[in-house]
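K.L.:
sequence and computational prediction follow.
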Amino acid sequence: MKNQKFLRRESSRYSKLGKKRKKKQTWRKPKGRDNKMREKRRGYPAIVSIGYGKNKKEKGKINGKSIKIIKNLEDIKKISKNEIAILGKIGKKKIIEIVNYAKKEKIEILNLNIKKFVKKIEFQKKQKSEKKKIENKKVESKKTKSKDETKKPDIEKK
């Protein structure tokens with residue numbers, strides 16, 4: 001059966017229940033006395049119940065592939081063809097190493113666009129190097145000014 005998204009009652013009415021906020025759109029069972037959704041009336045959203053689940057073979061998989069959480073370079077080296085990589089909570093330095101390996105081995109990372117990420121990192125490196133060059137020029141110009149000032153002869157007194 002189709003994977004249905006079950007939403008909390010009146011989640012489209014209040015922002016605290018998830019209006020325009022996907023993270024807040026969580027399921028809560030309707031428990032009110034006069035709740036039409038609890039009574040499973042026609043015209044109201046469906047309630048979580050038997051029959052909406054996935055097949056056992058498909059459960060816990062994405063596009064027929066099992067999920068593997070990656071936290072370091074060794075994890076991505078162990079990945080097989082019937083697994084999809086998902087990056088865990090790791091820093092930028094490790095992500096760069098993992099992305100370079102995944103790009104070389106043509107491994108799909110589900111929660112990261114590799115091309116976009118690499119482009120962004122290269123742009124940041126370029127900006128950082130340009131910023132350093134500007135700072136170095138400023139420091140050098142200050143040094144040369146201070147040297148010129150020391151070389152100037154004293155003004156003769158009359």
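P.N.:
That came through, no problem.
K.L.:
okay, domains of the protein per the record?
P.N.:
1-53, 62-112, 121-146 (automatic domain parsing).
K.L.:
what's the most buried one of those?
P.N.:
A comparison of the domains of the chain by mean neighbour count, using mean count of other Cβ atoms under 10 Å, puts domain 62-112 on top with a mean of 13. All C-beta atoms are positioned from the backbone trio N, CA, C, and that covers glycine.
K.L.:
what about it, average pLDDT?
P.N.:
Domain 62-112 shows a mean pLDDT of 92.
K.L.:
ok, now stretch 5-22?
P.N.:
For stretch 5-22, the mean confidence score works out to 89.
K.L.:
how far does that stretch sit from its chain's centre?
P.N.:
With Cα atoms, centre = their mean, to the nearest Å as the basis, the distance from the averaged C-alpha position of stretch 5-22 to the chain average is 23 Å.
K.L.:
measure it end to end?
P.N.:
For stretch 5-22, the first and last residues are 11 Å from each other (Cα to Cα, to the nearest Å).
K.L.:
would you agree residue 102 falls within a strand?
P.N.:
No: per DSSP: H, G, I helix; E, B strand; the rest coil, residue 102 lies outside any strand segment and is helix.
K.L.:
give me every residue that touches it.
P.N.:
Contact analysis of residue 102 by Cβ atoms under 8 Å, 6 or more residues apart in numbering lists 76, 85, 108-109, 114.
K.L.:
just checking, what packs against the biggest helix by length in the chain?
P.N.:
Using DSSP state H to assign secondary structure, the helix with the most residues in the chain is helix 114-151. Helix 114-151 is packed against helix 92-105, with contacts defined by 3 or more Cβ pairs under 8 Å, 6 or more residues apart in numbering; DSSP states H and E.
K.L.:
show me how far the helix it packs on is from its chain's centre.
P.N.:
Here the centre of helix 92-105 is set off from its chain's centre by 15 Å, with Cα atoms, centre = their mean.
K.L.:
what's the angle between that helix and helix 114-151?
P.N.:
Angle of helix 92-105 versus helix 114-151, following axes from the mean of the first three to the mean of the last three Cα atoms, to 10 degrees, is 130 degrees.
K.L.:
am I right that residue 67 falls within a strand?
P.N.:
Yes: note on residue 67: a strand contains this position according to three-state DSSP.
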